[in-house]
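Colleague: quick one: sequence and predicted model below, then my questions.
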Number of protein chains: 2
Amino acid sequence: MTIKELAREIGVSPTTVSRVMHGRGRISSATRQKVLERVREVGYTPNVNAQRLTVGRTHLVALDFGGWHDFLADMFFVELTRGVQDALEAHGYGLLLNEANDVLRRWVKSRAVDGVILAVGGPPDARVPRDIASTGTPCVVIGHHPLEGIPGVGSVVVGLRNGAQEVARKLVACGHRRIGFLGNQEPQDAVLLAFREELKALGVALCAELVIPGGRNPADGERAMRELLMRPDRPTAVFARTDALAAGALRAARRLGISVPTELSLVGHDDVPFAELAEPPLTTVRVNCIELGKVATEILISLLQQPGLCPAAQVVQTALVERESVAPPKQ
Amino acid sequence: MTIKELAREIGVSPTTVSRVMHGRGRISSATRQKVLERVREVGYTPNVNAQRLTVGRTHLVALDFGGWHDFLADMFFVELTRGVQDALEAHGYGLLLNEANDVLRRWVKSRAVDGVILAVGGPPDARVPRDIASTGTPCVVIGHHPLEGIPGVGSVVVGLRNGAQEVARKLVACGHRRIGFLGNQEPQDAVLLAFREELKALGVALCAELVIPGGRNPADGERAMRELLMRPDRPTAVFARTDALAAGALRAARRLGISVPTELSLVGHDDVPFAELAEPPLTTVRVNCIELGKVATEILISLLQQPGLCPAAQVVQTALVERESVAPPKQ
DNA sequence: TGCAGTAGCGCAAACGGTTGCGCAGAGGAG
DNA sequence: CTCCTCTGCGCAACCGTTTGCGCTACTGCA
């Protein structure tokens, strides 16, 4: 059923039908009723492809995960997607998913989407968003580093510092002084920096030899933790950069007969589902990915409504979620 | 850059450009070269909305999660999506995500998608897929029950029986005779039925009083497990319907000072990330959701190529993944 | 009654591609 | 040389909407 056929049935022009459906133009209430009624009767829905062609907008947004394929990303993926999805739906937009970057490029060029949300893992690469925005398609980047000053591209960053600081305060408040850190590969990791800084502000030094460049999977965490715990002057509390590492750390402690949290406090990062299932339930830092997706979407929507805008980077703070893996140190 | 502008630049008609780009029609190799070269130079990409309007197909598929919102579904979600996504991409299709059912309906009616993949949690409701298929849009349903005989709708089911049977065989082979089961709410659950049946075939009875209707979250599992373990004649092995329940069960055992697997064997179901991180790593049944998504997509593609087909339901088997939570019973 | 203003609606041209059909010219056969 | 075939390409219609502009008829006022 096309708008022409429908219009002929009702005895009006396609123009009138279109106007009624959009509430635009001046239509007598009599014909409006007539049209609406018939529309409902036959269940007419405009062909969205024709609409997109004429109007030039698709009301679709692409969500791109540029190679975030590790386990950790999986939970991010689901929450972030949900946040984006819900926010988009509230604004009448649809969500197009894709992975490969060249596919994204084609979609943008072929006008398949109105905007793009880019979730990137590594360091910020301004070229991709700049390219996209230069074609008139706004784009917002979700990542660890802000990206500002490029017209048509927004940015939202995860405020890693906040959670790390909370961890520092919590551990110190508990009475811990010898504190270890299981890191990822990056030496300039924001979490580590913020953690060390906040500890220092509280008068506690993070000893260099208690900072272990862990890795990413539980096995790495177990190895690193074992190394840490075999030391004669072992730490009374350890902050692991990811819950995956913490899972390994937990295992190492158990294998060595060291009880958590009575003999050792442990804090993770990311709040993956494992955290609350662990024994003991793991105190960890939560990254609110739903919020992340929501904020990113809101920025994109505003960019769609006012093109050429140059929005400030927004930040979504991480936060400590306290469970049972932290306690005061034994005397 | 439209096809007309491009054609004028090259000195041919839009028709010729279109034909070159699709490899259709008879074109002299000289002009083909000319066109292709210029296309590459200016980076021309056809407006996909115009294409969709004229051709009548969008090369988009909608993936719908009809209200699957529990934790367990989360991991299903990410794997299933990935399976679908990859398979679609291989065929040159794009993936449109949505949750609400009315939105899906509108997309189908407005010709926004060529096909639909429906992931449903509960009992099969033939109405939705039938409605969708009746508009000429093929549709495949992923669920626990087959759906056959409706033209234009395919179906893929998770073969729950297989994994359950493997569990039965494994436990019996290990020497277990007193076996418990932590179930979900459904009394006619396929896993329970298959498990009981296979045990019986092996000459082992599944005592009714050792079958506990657990629930869904770890707390339920802990309570149910405690109940099971407090019995004087407690089981030597327990099969939990979900890993979430198994997580609670594990906790209950630990609290009661019962060691897994030496004093009690435990098997889960679903292979969520927690399973391999647990202590001990949990033997569980894996649902291959990537495969599930892939198979569903292949069916849909075949349905797109040959409309009106009435494909047989396919089944993706679950399988036991053995880790360290199962051992022979203590004498 | 004449006239301005406005309400209500339709005409037709876009939007940017695809494609059935037809036509010119080249080449081959008779 | 004529006729036929086939190659290579363009014409123009069409896909289903939206929208600027213009037309009619009605209303209110002088």
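Modeller: Received, thanks.

Colleague: ok, now which ones touch residue A:136?
Modeller: A:152, A:307 (Cβ atoms under 8 Å, 6 or more residues apart in numbering or on different chains). Heads up, the C-betas are built off the backbone N, CA and C, glycines and all.

Colleague: DNA strand D contacts on the stretch 101-250 of chain A?
Modeller: Contacts of the stretch 101-250 of chain A with DNA strand D, taken as Cβ under 7 Å from any atom of the strand, are absent.

Colleague: what segments of the stretch 101-250 of chain A are strands?
Modeller: Using DSSP state E, counting those that start in this stretch, the strands of the stretch 101-250 of chain A run over A:115-119, A:139-143, A:153-159, A:179-183, A:211-213, A:237-240.

Colleague: sketch out the low-pLDDT regions of the stretch 201-331 of chain A for me.
Modeller: The stretch 201-331 of chain A contains no residues with pLDDT under 70.

Colleague: at 80 what do you get?
Modeller: A:331 (pLDDT under 80).

Colleague: repeat that for the stretch 1-150 of chain A.
Modeller: Using pLDDT under 80, the flagged stretches of the stretch 1-150 of chain A are A:66-75, A:99-101, A:120-124.

Colleague: tell me which stretches of it form helices.
Modeller: In the stretch 1-150 of chain A, the helices defined using DSSP state H, counting those that start in this stretch lie at A:3-10, A:14-22, A:29-42, A:48-55, A:71-90, A:101-109, A:127-134.

Colleague: just to revisit the earlier point, redo the strands of the stretch 101-250 of chain A as CSV? Include mean neighbour count and distance to DNA strand C.
Modeller: As requested, the strands of the stretch 101-250 of chain A are exported to CSV (neighbours: other Cβ atoms under 10 Å in any protein chain shown; distance: least, Cβ to the nearest atom of the strand, whole Å):
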stretch, mean neighbour count, distance to DNA strand C
strand A:115-119, 26, 18
strand A:139-143, 27, 21
strand A:153-159, 24, 24
strand A:179-183, 26, 50
strand A:211-213, 19, 51
strand A:237-240, 30, 52
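
Colleague: can you list those in JSON lines and add distance to residue A:202?
Modeller: Listed next are those as JSON lines, based on distance: least, Cβ to Cβ, whole Å:
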{"stretch": "strand A:115-119", "distance to residue A:202": "34"}
{"stretch": "strand A:139-143", "distance to residue A:202": "29"}
{"stretch": "strand A:153-159", "distance to residue A:202": "20"}
{"stretch": "strand A:179-183", "distance to residue A:202": "11"}
{"stretch": "strand A:211-213", "distance to residue A:202": "17"}
{"stretch": "strand A:237-240", "distance to residue A:202": "13"}
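
Colleague: before we move on, back to that, redo the helices of the stretch 1-150 of chain A as TSV? Include distance to residue B:247 and mean neighbour count.
Modeller: TSV is the format used below for the helices of the stretch 1-150 of chain A (distance: least, Cβ to Cβ, whole Å; neighbours: other Cβ atoms under 10 Å in any protein chain shown):
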stretch	distance to residue B:247	mean neighbour count
helix A:3-10	56	15
helix A:14-22	52	17
helix A:29-42	50	13
helix A:48-55	45	18
helix A:71-90	16	20
helix A:101-109	38	17
helix A:127-134	40	18
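
Colleague: could you dump the ones you listed to CSV with distance to DNA strand C?
Modeller: CSV is the format used below for these (distance: least, Cβ to the nearest atom of the strand, whole Å):
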stretch, distance to DNA strand C
helix A:3-10, 7
helix A:14-22, 3
helix A:29-42, 4
helix A:48-55, 3
helix A:71-90, 25
helix A:101-109, 10
helix A:127-134, 18
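
Colleague: tell me the contacts of residue A:225?
Modeller: Residue A:225 makes contact with A:182, A:238, A:248, A:249, A:252, A:253 under the criterion Cβ under 8 Å, 6+ apart.

Colleague: so what's the second one closest to, chain neighbours aside?
Modeller: This means residue A:238. Of all residues not flanking residue A:238 in the chain, residue A:180 sits nearest, at 4.2 Å (Cβ to Cβ, 6 or more residues apart in numbering or on different chains).
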